[in-house]
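K.L.:
Quick one, fold the following:
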Amino acid sequence: MKVLQVVADGVPGGGTTNVLALTEDLLGRSVDVAFCSQRDSYAIEQATALGAQVCDGLDFFSGRLNRRIVRELSAVVEQVNPDIVHVHGGRAAFAWTRGGNQARFPTSLYTVRGYHFYTKPAPLRFLGKRAERHISRSVYKTVHVCEKDREVGLQLGFVPDPSRSTVIRNGLRLSDIPQYDGLRDPKNVAVLGRVTHQKYPELILELAAMLADDGFVFHMIGGGDMEDEIRAQVARENLTNVRMYGHQSRDDGLKIMSETGTFLLASRYEGLPIAPVEAMAMGLPVVICDVNGCPEVVRDGIDGRVVPMGDRQGFAAALRAVISEPDKTAQMIESGKTRVVEHFTRDRVVQQHLELYEQCLNDRGVAVR
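P.N.:
Residues are numbered from 1 along each chain as shown. Presented below is the predicted three-dimensional model:
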């Protein structure tokens, strides 16, 4: 079997990490994998190191309506000649379904890594919905990373019927997760992720100001298009309890996080984030927002504390509760570790994808190579 994985955004982050992990695990199962992403990107570099056939030179960010990327991606597909075309994220999927070879659509899959049109202005929200409907009605099946997105896809008519959709949650390899043997201070709060609008870094700074007298220190691990702006605000407001680490490799970022004492995710929107899964595997207490698939990762009061998106007082109270309710926090940590092992491993993810690929080819009467 030959599979082409396509992810437009090749920068470090959850989506890219998950597609690279799937690529590595498919190669480990003797699947022939080709990999396509933004030219000269982190994803291209990592896929090359994994030993995938790499399709470089494409520019997915020249504009969503630019037909050049449509032609270039179509040419890549014809050159690679895969059994399965698997596109990840709306940008890559729209480029493929706008002008790709329609004869290949019945053996194409689309993974939604969070519906993001909610946050856009009305005209763009309307266009985003139309694009999602076009994509999901073009491909064999839409893969959602959480049940919440699947519900949205069905309710809004993006996916024509339940048989055209499935849920495969993200996973991790437990051996990749560093463990820390030293004493952890739960007032050292890790915020792992890109410094972008999605991750709500302004709220992190507000929490830092609110909790400074309580002794909390916030460790912002990652770079992004808002990094300079946030660094300037930290300096301007003299937020001495904020540490900014900038861009880190995944291994280095996880190591830094493993040495903190609590994990915080306060995003405006998500698909199914992998960082809180990593935090639970490390044995960190988790405070997380309630958007999209987040409550499917962390069950409120069982594996961690879930707070409504943007609720500053709620996040502050949850972080304080990590300290003030040590027995409950310890129970949540143990529950979180168990949940990761049972529901969020990469072995499960790759097996579910292999079964889906084989089902797709069998339904279309294509012999698996």
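
K.L.:
Report the mean per-residue pLDDT for stretch 42-52.
P.N.:
Stretch 42-52 shows a mean pLDDT of 96.

K.L.:
and what of stretch 313-330?
P.N.:
When pLDDT is averaged over stretch 313-330, the result is 98.

K.L.:
got the buried residues for it?
P.N.:
Buried positions in stretch 313-330, judged by neighbour count with 16 or more other Cβ atoms under 10 Å: 314-316, 318-319, 322-323, 329. For the C-beta atoms, the positions are set from N, CA and C on the backbone; glycine is no exception.

K.L.:
which among the residues you listed gets closest to Arg71?
P.N.:
Arg71 has its nearest neighbour among the buried residues of stretch 313-330 in Phe315, at 46.3 Å by Cβ to Cβ.

K.L.:
Excluding sequence neighbours, find me the nearest residue to Val341.
P.N.:
Closest residue in space to Val341, ignoring its immediate chain neighbours: Leu174 at 7.3 Å, by Cβ to Cβ, 6 or more residues apart in numbering.

K.L.:
The one you found: how many residues sit nearby?
P.N.:
14 (other Cβ atoms under 10 Å).

K.L.:
unless I'm mixing things up, it is touching Val340, no?
P.N.:
Yes: the criterion here is Cβ atoms under 8 Å, and Leu174 meets it with Val340 at 7.5 Å.

K.L.:
Give me the common contacts of the two.
P.N.:
When contacts are counted by Cβ atoms under 8 Å, 6 or more residues apart in numbering, the set common to Leu174 and Val340 consists of Ala281.

K.L.:
what about the residue of the chain positioned farthest from its centre, distance to Arg320?
P.N.:
Most distant from the centre of the chain: Asp213, at 33.4 Å, with distances by Cα atoms, centre = their mean. Shown here: Asp213 relative to Arg320, a distance of 11 Å by Cβ to Cβ, to the nearest Å.

K.L.:
Equivalent analysis for Leu361, please.
P.N.:
Relative to Arg320, Leu361 is positioned 53 Å away (Cβ to Cβ).

K.L.:
ok, and for stretch 184-192, which residues are buried?
P.N.:
The neighbour-count check on stretch 184-192 (16+ other Cβ under 10 Å) flags 184, 186-192 as buried.

K.L.:
would CSV of those with secondary structure, distance to Asp32 and pLDDT be doable?
P.N.:
Formatted as CSV, the buried residues of stretch 184-192 follow (DSSP: H, G, I helix; E, B strand; the rest coil; distance: Cβ to Cβ, whole Å; pLDDT from 0 to 100):
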residue, secondary structure, distance to Asp32, pLDDT
Arg184, coil, 43, 95
Pro186, coil, 46, 97
Lys187, coil, 49, 98
Asn188, strand, 45, 98
Val189, strand, 43, 98
Ala190, strand, 38, 98
Val191, strand, 39, 98
Leu192, strand, 33, 96
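
K.L.:
residue ranges for the strands of the stretch 151-300 of the chain, please.
P.N.:
Counting by DSSP state E, counting those that start in this stretch, the segments of the stretch 151-300 of the chain that form strands are 165-167, 188-192, 217-221, 242-246, 262-265, 286-289.

K.L.:
To Ile44, which of the ones you listed lies closest?
P.N.:
Closest to Ile44 of the strands of the stretch 151-300 of the chain, according to Cβ to Cβ: strand 242-246, at 21.4 Å.

K.L.:
CA atoms only for stretch 287-302 - export them in CSV, please.
P.N.:
C-alpha atoms of stretch 287-302 as CSV (Å, rounded to 0.1, in the frame of the first residue of the first chain):
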residue,chain,number,x,y,z
VAL,A,287,-6.0,22.7,33.8
ILE,A,288,-7.6,22.9,30.4
CYS,A,289,-10.2,25.0,28.5
ASP,A,290,-13.6,23.4,27.5
VAL,A,291,-13.4,24.0,23.7
ASN,A,292,-14.0,21.3,21.1
GLY,A,293,-12.3,18.0,21.9
CYS,A,294,-10.6,19.2,25.1
PRO,A,295,-13.2,17.7,27.5
GLU,A,296,-12.7,14.4,25.6
VAL,A,297,-9.1,14.4,26.7
VAL,A,298,-9.5,15.6,30.2
ARG,A,299,-12.7,14.7,32.1
ASP,A,300,-13.5,17.5,34.6
GLY,A,301,-12.9,16.5,38.1
ILE,A,302,-11.6,13.1,37.1
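
K.L.:
any idea of the mean pLDDT for that stretch?
P.N.:
Averaging pLDDT along stretch 287-302 gives 95.
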